[in-house]
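> Please work out how this folds:
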Amino acid sequence: MKFILVFLALIFPASVFAQHRVDSLEVMFSQSRRSVPLALGMSALVPGSGQIYNRDWIKAAVALAGEATILFLYQSWHSRGIDGRDAYQLQAHTYWSPVRYAYWLNDYMTYLNQLPDGRTLNLSPIELSEFVLSINLQQPDTWIQSEQIAIRGLFDEIRRVERQVYHGSTGAAFSHVLPFFGEQQYYELIGKYFQYAPGWDDYVALVREGRITWVDQSGEFIPSIEPEAGEGDGRKENVSPRFYQYASDHADANGYLRRASRVTTLLLVNHVIAAVDAAIFARLHNQRIKLRLGLMQDNIGHTYVVPHLSFVFGH
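Residues are numbered from 1 along each chain as shown. Presented below is the predicted three-dimensional model:
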């Protein structure tokens, strides 16, 4: 429409158009200008909307498609990560027991003291009261305050012993102490370090006199008392399949959560790029086209509307 009016203004005299045509062209030019802050703000809020304002349809489609793709990936990966996290925490509550691990530590201290080249440990065993043994470890959400306090005390006892014992096969001190129940590191460590393998329900043990034990009737320790048995960095021969399956499930879930976290950076980048692009091209649009209107008389006294188009490149 703008170009039709300009064309007509070049042909017909002012007596036909009258002065209001000049005003109309001035208004039309002012309306063709684009607001740089508006373009910036629109794409900062919704990538692609500033490009639509600039009538840059291809860039608008790219920005909007990028936003939709990033949001889809975030939702998908975050959802899978949360589901996986819930699943591995349920595995931990169901199949890994701090009580079982405490029993193992008590037997393990005796085992270390019987090693020919071991160093003597003068430690009292972890106390496992009837109250602690009665707590349902598979349903921590149901624990009352006294049960929470008792479990906290059990973990304090476990940590006390862990700081003193060592790996019988290597002589190295334990690298970690057990984080308190429910902490993020608690769920990670029980499927990462072999010292926690005896806490899993399929780690080979005996049940004698109503308790789990790694000592047989004759007082001999069964081989799985030592989780570090094995050569090199490969799978340890005494570590049970549940440990490895849990470690794999834990890694998968956390991998999805990390991807979801990282993709949010792309979301920010998409907003920034779209906003800057919209602002730049709105400004370039205003700079490149300047319309100046004026009146000119010919040598016989006729007045014409004369539009002047100037193209400005750069800043």
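> Okay, helices next: where are they in the chain?
2-11, 14-17, 19-32, 36-45, 49-53, 57-95, 98-114, 130-134, 145-162, 184-189, 241-288 (DSSP state H).
> okay, those helices, which one's buried deepest?
helix 49-53 (a mean of 23; mean count of other C-beta atoms under 10 Å). All C-beta atoms are positioned from the backbone trio N, CA, C, and that covers glycine.
> what packs against that one?
On a contact count with 3 or more C-beta pairs under 8 Å, 6 or more residues apart in numbering; DSSP states H and E, helix 49-53 meets helix 36-45, helix 57-95, helix 241-288.
> Identify the spatial nearest neighbour of E157, chain neighbours not counted.
I126 (4.4 Å; C-beta to C-beta, 6 or more residues apart in numbering).
> Quick check, pLDDT for that neighbour.
Listed pLDDT for I126 reads 96.
> That one contacts L105, correct?
Yes - using C-beta atoms under 8 Å, I126 is in contact with L105, at 6.0 Å.
> re earlier: so can I have CSV of the helices of the chain showing distance to G168 and mean pLDDT?
CSV is the format used below for those (distance: least, C-beta to C-beta, whole Å; pLDDT from 0 to 100):
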stretch, distance to G168, mean pLDDT
helix 2-11, 88, 42
helix 14-17, 103, 45
helix 19-32, 83, 51
helix 36-45, 61, 91
helix 49-53, 66, 91
helix 57-95, 25, 95
helix 98-114, 6, 95
helix 130-134, 27, 95
helix 145-162, 14, 96
helix 184-189, 20, 96
helix 241-288, 19, 92
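> Could you dump those helices into a markdown table and include distance to W200?
Formatted as a markdown table, the helices of the chain follow (distance: least, C-beta to C-beta, whole Å):
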| stretch | distance to W200 |
| --- | --- |
| helix 2-11 | 76 |
| helix 14-17 | 91 |
| helix 19-32 | 72 |
| helix 36-45 | 50 |
| helix 49-53 | 54 |
| helix 57-95 | 6 |
| helix 98-114 | 8 |
| helix 130-134 | 18 |
| helix 145-162 | 15 |
| helix 184-189 | 13 |
| helix 241-288 | 4 |
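> quick one, which of those is nearest to G219?
helix 98-114 (9.5 Å; C-beta to C-beta).
> Residues contacting stretch 105-112, please?
Stretch 105-112 is contacted from outside by 118-119, 121, 123, 125-126, 158, 161-162, 165-166, 168, 198, 213-215, 221, 225-226, using C-beta atoms under 8 Å, 6 or more residues apart in numbering.
> same thing but 7 Å
With C-beta atoms under 7 Å, 6 or more residues apart in numbering as the test, stretch 105-112 has contacts from 118, 121, 123, 125-126, 158, 161, 165-166, 168, 213-215, 221, 225.
> repeat for stretch 92-102
126, 128, 132-133, 137-138, 140, 154-155, 158, 181, 187, 190, 196, 198-201, 212, 242.
> and with 8 Å instead?
So stretch 92-102 is in contact with 126, 128, 132-133, 137-140, 151, 154-155, 157-158, 178, 181, 186-187, 190-191, 196, 198-203, 205, 212, 242, 246, going by C-beta under 8 Å, 6+ apart.
> likewise stretch 125-133?
99, 102-103, 105-106, 109, 146, 150-151, 153-154, 157-158, 160-161.
> at 10 Å instead, please
The contact list for stretch 125-133 (C-beta atoms under 10 Å, 6 or more residues apart in numbering) reads 98-99, 101-107, 109-110, 135, 146-147, 150-151, 153-154, 156-158, 160-161, 210-211.
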